[in-house]
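1. give the three-dimensional model of this entry:
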Amino acid sequence: MKELSFEVSNAEEFLPVLDFVRDAERRMGGARSVLVMLCGPQTDLPLLLQLRSAVQHGMPGAKVAGVVSARAIADGHTEGRKTVASFLFFEDSVADVRLYDFGAERAASVTSVTFEVPEASVTVGQKLASFLVEKEHLRAVGLVAAGERLDLEPVFDAFKGVPEDVEVFGGLAENRPGCGFLFDAEHASTCGLLVLTFAGKELAVSVHSSFGWKPLGRPMKITRMKDPFTIQEIDHRPAIEIYQTYLGLGPDEDILTGMLTFPLFLHRDGLTLARHPRSYAPDGSVYYAADFYEGEEVQLAYGDPQEILDTADQLQIGMAQFHPQSIFLVSCVARSLLLEKDTEQELAMSRYAPSAGFYAYGEFLRRKDRILTSNMTLVTVGMREGAPSKVSVELPRRISHVDARTAVMRHLVNFVQQSIGELEEAKERYRRLARHDLLTGLFNRGTTDETLAEMVKEAEHEKQPLTVLMMDIDDFKGINDSCGHDEGDRALQIVARILQEQTRKNVDVPGRMGGDEFFVILHATGAEQARQVADRIRAGIEERGLLPGGLRMTASIGGAEFFPGDTPQQLFKRADEALYEAKRQEGKNSVAWGRAAPFD
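-> Numbers count the residues shown, from 1 in each chain. Purely as a prediction, here's the structure:
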């Protein structure tokens, strides 16, 4: 396998390139398959088509894959003005190209297609599935899409029948209106999918991705969506407010350029994905370059240049150990905008083999049988035919990517994250204080009342049992008077601990009503089982309630079972009457049971 890459400014420069390439092919004894990849900016579209024609005449058996992209990648550096022509020669493997057009036209002219109809996407997915099944010894599939608001999920479904060891890579080359353009040797599309397949017994492919963005701020939930690409509300607020409130987006600031390095994080199928904003509407909705689901949890993120370059260094090490003969790269446009002059540092793996690629508005990653779209990602693809070379490869020297710019950003973000963490801890303490009794740690009266109302509804709907217990400490005033209020508080805490021990955590609800009165809601528990719980609580209080001066604490308990049609108030009242009955018993320290029918 051999790769040759060239940068071309005009058609005249390409003619000697073709001569050189043909001569190189002859010297290597010919190739079983040849793939020519052409990539250039929108302004070079006429040149791209001229180069395609030259390849058709000069190398008629070659497969051609052409892409219009914001920037091309060639041998370790980015090229935004020139067109890149890359030639891959396979000795034993076979490369193939197939173009699927989502629009009505298949002409080599730029026609704006604003979105793809789902029916077309389903059809393309079905055709792609048939195409992939035909491939023997399939090792990898490259996908390059172009078009605005593409619904690619039906297309990605084609990979559900493809073995998981088949690597998939690629990206969305263009999704700006009127800028997309893809072509193969014969056809062209302004809104479509270019599929490159690589098959061969001896072909080895290694695909890895690098991220480097870090979470910023608190998690939030998508609460309303207009379509898969447009969020209307986050945490029940217009989506644009997230950028205005937390990042200071100004009224005249372009969200695409201003917020490009602040994507939204989300987690899907075990992967961390990112989505960068493209535009927003007067109603506050925000349009993104890739899809979301309503109800997904998202979080703002920020680009840390040091982290981005550090993770790219790890990819270099992996690529060096793979011993590639060719490298293909897909990187997010936002990475180059953030890294600026440091961009080529993350492309340094090209030192191990010739490389080519492009910058995308969405990068494709495979997770088992699913294809996912992300942003802000660098995808690296190493290929070779046969076993790895035995020649030792020098691994990249570990260098520090820290500079004044990254240090200031990292320190500021650390301050923000630490402050947010402290605020969240404080909010959690306040939430707990609002729901719990400060002395005993049990739920307070308000929380217990709310929970009882919810559990009564659930018991009615699910037709399941529910029982409540009411109790208070016998002669609690006497304990306070003779032993002091500190001992009285300790007595309340002893009762609380016993209630927590004798009830099921996160199932039953023990609470303090106030003073020495306690209340327990026993979920999915009938009267017979509830009596046993009540007896254990009463016995536990008597056994452990030893007070100064030889006094022993006891408690009286009243229970009531839920009946269909009960309201929370009726159930509470029957339990209260049962408690009153228990306290009328001689010596108190007893359990009484409420009526066997709802209270009228």
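
2. from memory Val379 sits against Val207, does it?
-> Yes. At 6.8 Å, Val379 and Val207 qualify as touching, with contact defined as CB atoms under 8 Å. All C-beta atoms are positioned from the backbone trio N, CA, C, and that covers glycine.

3. the two: who's more crowded?
-> Between Val379 and Val207, counted using other CB atoms under 10 Å, the more crowded position is Val379 (23 against 17).

4. and that one, bridged to which residues?
-> Taking DSSP bridges as the rule, Val379 bridges to Ser209, Val330.

5. any common contacting residues for Val379 and Val207?
-> Common contact partners of Val379 and Val207 (CB atoms under 8 Å, 6 or more residues apart in numbering): Phe169.

6. next one: the helix or strand where Asp472 lies to chain centre, how far?
-> Taking DSSP states H and E as the definition, Asp472 sits inside strand 466-473. If you compare the mean C-alpha spot of strand 466-473 with that of the full chain, they lie 45 Å apart, counting by CA atoms, centre = their mean, to the nearest Å.

7. each with direction, which strands does that strand pair with?
-> Strand pairing for strand 466-473, determined by DSSP bridges: strand 517-523 (antiparallel), strand 555-561 (antiparallel).

8. next secondary structure element downstream of the last one?
-> Looking back up the chat, that one is strand 555-561. helix 568-584.

9. what is the mean pLDDT for the strand holding Asp472?
-> Across strand 466-473, pLDDT averages out at 95.

10. returning to what we had before: of the strands paired with strand 466-473, which is nearest Ala31?
-> strand 517-523 (71.6 Å; CB to CB).

11. now for the helix or strand just after the closest one, which elements pack on it?
-> Sequence order places helix 527-544 as the next helix or strand after strand 517-523, per DSSP H and E. If contacts are counted by 3 or more CB pairs under 8 Å, 6 or more residues apart in numbering; DSSP states H and E, helix 527-544 sits against strand 466-473, helix 485-502, strand 517-523, strand 555-561, strand 591-593.

12. how far away from the center of its chain is the fourth one?
-> Relative to its chain's centre, strand 555-561 lies at 49 Å (CA atoms, centre = their mean).

13. again, but for the last one
-> Between the mean C-alpha point of strand 591-593 and the mean C-alpha point of its chain there is a distance of 53 Å (CA atoms, centre = their mean).

14. if we can go back for a sec, which of the strands paired with strand 466-473 sits most buried?
-> Mean neighbour counts were taken over the strands paired with strand 466-473 using mean count of other CB atoms under 10 Å, and the top value, a mean of 26, falls to strand 555-561.

15. residue contacts, Ala578?
-> When the contact criterion is CB under 8 Å, 6+ apart, the partners of Ala578 are Met470, Gly558, Gly559, Ala560, Ala592, Trp593, Gly594.

16. could you find the closest non-adjacent residue to it?
-> Nearest residue to Ala578, sequence neighbours excluded (CB to CB, 6 or more residues apart in numbering): Gly558, at 3.0 Å.

17. distance of that neighbour from Gln570?
-> Distance, Gly558 to Gln570, using CB to CB, to the nearest Å: 14 Å.

18. Phe169 touches Val207, doesn't it?
-> Yes. The pair Phe169 and Val207 qualifies as a contact (CB under 8 Å) at a distance of 5.1 Å.

19. tell me where the model's unsure across the stretch 301-450 of the chain.
-> Counting by pLDDT under 70, the stretch 301-450 of the chain contains low-confidence residues at 393-423, 426, 428-433.

20. what are the ranges of the strands in it?
-> Chain-ordered strands for the stretch 301-450 of the chain, with DSSP state E, counting those that start in this stretch as the definition, fall at 326-332, 355-360, 363-367, 370-374, 378-385.

21. so for Glu13, which of those strands sits nearest?
-> Glu13 sits nearest to strand 355-360 of all the strands of the stretch 301-450 of the chain, at 17.1 Å, using CB to CB.

22. for that closest one, output the C-alpha coordinates as CSV.
-> Output for strand 355-360, consisting of C-alpha atoms alone and laid out as CSV, is shown next (Å, rounded to 0.1, in the frame of the first residue of the first chain):
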residue,chain,number,x,y,z
SER,A,355,-1.8,11.7,5.3
ALA,A,356,-4.9,13.4,3.9
GLY,A,357,-8.3,14.5,5.2
PHE,A,358,-10.7,17.4,5.8
TYR,A,359,-12.3,19.6,8.4
ALA,A,360,-15.9,18.7,9.2
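
23. which parts of stretch 339-353 are buried?
-> By neighbour count on 16 or more other CB atoms under 10 Å, the buried set for stretch 339-353 is Leu339, Asp342, Thr343, Gln345, Glu346, Leu347, Ala348, Met349, Ser350, Arg351, Tyr352, Ala353.

24. same question, stretch 532-548
-> Under the neighbour-count criterion of 16+ other CB under 10 Å, stretch 532-548 has Val533, Ala534, Ile537, Arg538, Gly540, Ile541, Gly545, Leu547 buried.

25. equivalent analysis for stretch 563-575, please.
-> Residues of stretch 563-575 classed as buried by neighbour count (16+ other CB under 10 Å): Phe563, Asp566, Pro568, Gln570, Leu571, Phe572, Lys573, Arg574, Ala575.

26. Met470 is in contact with the fifth one, correct?
-> It stands for Leu571. No. Under the criterion of CB under 8 Å, Leu571 lies out of contact with Met470, with a separation of 10.3 Å.

27. domains in the protein, by residue range?
-> Structural domains assigned to the chain are 2-212+305-385, 213-302, 437-593, following automatic domain parsing.

28. out of the ones you listed, indicate the one that is most buried.
-> Each of the domains of the chain was given a mean neighbour count from mean count of other CB under 10 Å, and the largest, a mean of 20, is that of domain 2-212+305-385.

29. on that earlier part again, between the domains of the chain, which gets nearest to Glu424?
-> Once CB to CB is applied to the domains of the chain, the stretch that comes out nearest is domain 213-302, at 6.7 Å.

30. ends of that closest one, how far apart?
-> Looking at domain 213-302, the gap from its leading to its trailing residue is 6 Å under the measure CA to CA, to the nearest Å.

31. please name the residues that touch the nearest residue to Lys583 once chain neighbours are set aside.
-> Nearest-residue entry for Lys583: Ser556, 4.6 Å, with adjacent residues in sequence omitted and distances by CB to CB, 6+ apart. If a contact means CB under 8 Å, 6+ apart, then Ser556 has 471-472, 474, 538, 579, 582-583, 585, 588-592 as its contacts.
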